[in-house]
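S.K.: Dropping a prediction and its sequence here:
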Amino acid sequence: MEKVYNVTVNGKHDCVVMTELQALLVTLKFGKNIEIHDMTERHGLKPAYLHKQERIKGRDMTKILYNFDELMEMKYD
């Protein structure tokens, strides 16, 4: 089941839709260099709501900083 996670890596913050397994893999990869919170469990935020907000912003929306694949490919200090 996909959930919305609030992710902060190296001071950059974003909400990312991931499964629990994906969130675990990202957490293991970054260790102490990441803050990650389950916003679905904490506030009831659903992935569909996040996608709706992206559509509302339209073409002027700022680029989403992260998705699961980008987090897994990211190099860090």
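M.R.: Nice, I can see it.
S.K.: ok, which stretches of this structure are strands?
M.R.: For the chain, applying DSSP state E gives strands covering 2-9, 12-19, 34-38.
S.K.: And these: which comes nearest Met72?
M.R.: Shortest distance between Met72 and the strands of the chain, using C-beta to C-beta, is found for strand 12-19: 10.4 Å. Any C-beta I mention is one placed from the backbone N, CA and C, and that applies to glycine too.
S.K.: Give me the below-cutoff pLDDT ranges for this protein.
M.R.: The chain contains residues with pLDDT under 70 at 50-66, 76-77.
S.K.: Just give me the residue right at the centre of it.
M.R.: Of all residues in the chain, the one closest to the mean position by C-alpha atoms, centre = their mean is Val16, 2.0 Å from it.
S.K.: Do I have it right that it meets Tyr5?
M.R.: Yes. Contact between Val16 and Tyr5 holds when scored by C-beta atoms under 8 Å: they sit 5.2 Å apart.
S.K.: picking up where we left off before, mean neighbour count, the strands of the chain: which tops it?
M.R.: Of the strands of the chain, the one with the most neighbours on average (mean count of other C-beta atoms under 10 Å) is strand 2-9, at a mean of 20.
S.K.: Name the residues that touch that strand?
M.R.: Outside strand 2-9, the residues within contact range by C-beta atoms under 8 Å, 6 or more residues apart in numbering are 13-20, 23, 26, 30, 33-41, 45-47, 49-50, 66, 71, 74, 76.
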